[in-house]
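**Q** Let me see the structure of the following:
(one chain, ligands or ions: 1)
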Amino acid sequence: MSNEKTKLIFIACPSRSGSTILGNVLGQASGAVHVGEVMHIWDRGIHNNWLCSCGRSFSECEFWQKVIAQAFRDGLGTISDRMMECFKKKLIRVRDILSNSGPSFLGKVAVNCSNEREILLRLYTSIKDVSGKTIIIDSSGTPSYGLLLKNLDGFQFYIIHLIRDPRAVAFSRCVRKKKQPIGKGVHIEMGNITFGESIRDWLVSNSLIEKLFKWDVSSYLSVRYEDFCRSPFQVVSKILNSFGVAREGLEPLKNKRFLNMGNHVFSGNPVRFGNKEMKIVEDLEWKRKMNKLRKIQIEISTIPFLWRYGYLRGNMG
Ligand SMILES: [Zn+2]
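**A** Coordinates of the predicted model:
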């Protein structure tokens with residue numbers, strides 16, 4: 001049996017940055033599986049029974065039921081309540097992160113969150129065993145959750161910092177109404193927030209991802225959503241090369257196409273329900289429909305980041 005570690009690829013980004021579609025595309029690579037926002041299986045899955053991308057509810061999805069049964073053979077007991085409590089309390093607080101450097105903070109998390117990491121180790125080991133895959137893609141997004149997954153025994157952790165233009169993110173979060181199917185015939189509106197909240201979340205999220213992960217250059221890679229949409233084959237090839245993953249099963253990407261099916265993606269953008277061949281198309285609606293003053297407000301608030309991420313070099317909205 002091979003002693004090679006299972007690769008755990010975590011996509012970190014603010015909401016509405018395109019993590020679900022990037023995860024689905026990466027999940028098509030040979031030996032890979034995209035399982036969605038695993039962070040939310042405790043609340044949205046075990047407690048609220050939301051839909052898996054296979055079309056079944058969490059309690060009816062064979063994949064997830066096997067994963068849970070194998071991971072927690074003696075029953076869940078209070079485990080899911082404890083995990084929800086842990087995330088609700090913001091166990092890893094922003095101010096703690098910002099006052100520590102990445103490596104020293106990682107050591108603290110390993111000690112202070114050892115119980116939660118033990119539970120996550122059992123969960124991800126079970127995902128690996130039930131899926132039979134050696135590369136797990138998790139698109140939970142939240143940087144502090146990603147930190148809990150770093151250096152789990154038996155897993156090689158990699159992080160994709162997915163960056164999207166803050167004007168596009170704000171348009172998606174504040175203007176566009178999107179419905180999330182959570183049960184058969186039941187939808188909720190995906191959290192509409194204010195422009196100020198969207199800007200703040202975008203800034204905090206990207207700052208934390210850089211602070212927590214960028215120092216470890218062997219496991220960190222940043223990718224722009226816009227580059228992924230324009231040249232998916234090249235961008236995905238770069239990701240897989242960087243993380244030592246074979247570049248098989250991605251030929252359709254040369255035509256910007258991929259098969260969005262056969263997955264058990266839990267939580268995330270409704271695009272996960274596609275179950276068909278899909279084309280990757282950059283979402284540019286914000287450029288046409290967004291109020292000019294709003295664009296300027298966002299540009300002023302995020303200008304150092306816009307510059308650093310290459311959005312001010314001939315690429316302004
Ligand atoms: Zn399923």
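**Q** Okay, helices next: where are they in the stretch 151-300 of the chain?
**A** Per DSSP state H, counting those that start in this stretch, the stretch 151-300 of the chain carries helices over the ranges 166-174, 195-213, 225-230, 232-242, 285-289, 292-308.
**Q** Pull up the distance across stretch 267-280, start to finish.
**A** In stretch 267-280, first residue to last residue: 20 Å (CA to CA, to the nearest Å).
**Q** average pLDDT for that stretch?
**A** Regarding stretch 267-280, the rounded mean pLDDT is 74.
**Q** Same check on stretch 242-262?
**A** So the average pLDDT for stretch 242-262 ends up being 84.
**Q** Give the buried residues for it.
**A** Of the residues in stretch 242-262, 243, 245, 247, 250, 252-253, 256, 258-260 count as buried by neighbour count, 16 or more other CB atoms under 10 Å. All C-beta atoms are positioned from the backbone trio N, CA, C, and that covers glycine.
**Q** Show me how far it is from its chain's centre.
**A** Computed by CA atoms, centre = their mean, to the nearest Å, the separation of stretch 242-262 from the middle of its chain amounts to 18 Å.
**Q** cool, stretch 214-229 as well?
**A** Computed by CA atoms, centre = their mean, the separation of stretch 214-229 from the middle of its chain amounts to 13 Å.
**Q** Stretch 234-253 too?
**A** Centre-to-centre, stretch 234-253 and its host chain are 18 Å apart (CA atoms, centre = their mean).
**Q** From start to finish, how long is that stretch in a straight line?
**A** Terminal residues of stretch 234-253 are spaced 9 Å apart (CA to CA).
**Q** repeat for stretch 34-49
**A** The straight-line separation of the ends of stretch 34-49 (CA to CA) is 19 Å.
**Q** coming back round to it: closest one to the ion out of the buried residues of stretch 242-262, please.
**A** When the buried residues of stretch 242-262 are ranked by distance to the ion (CB to the ion), residue 260 comes first, at 13.9 Å.
**Q** Where does the prediction get shaky in the chain?
**A** Under the criterion of pLDDT under 70, the regions of the chain flagged as low confidence span 1-3, 89-103, 177-182, 185-186, 188-191, 262, 268, 270-275, 313-317.
**Q** Contact residues of it facing the ion?
**A** Taking CB under 5 Å from the ion as the criterion, the neighbours of the ion within the chain are 52, 54, 61, 63, 264.
**Q** And the fourth one, how close does it get to residue 53?
**A** The gap separating residue 63 from residue 53 is 10 Å, by CB to CB, to the nearest Å.
**Q** Same check on the last one?
**A** In this view, residue 264 and residue 53 are 6 Å apart by CB to CB.
**Q** Now do the shared contacts for these two.
**A** When contacts are counted by CB atoms under 8 Å, 6 or more residues apart in numbering, the set common to residue 264 and residue 53 consists of residue 36.
**Q** ok so, going back, neighbour count winner among residue 63 and residue 53?
**A** Using other CB atoms under 10 Å as the criterion, residue 63 and residue 53 rank with residue 53 on top: 26 against 19.
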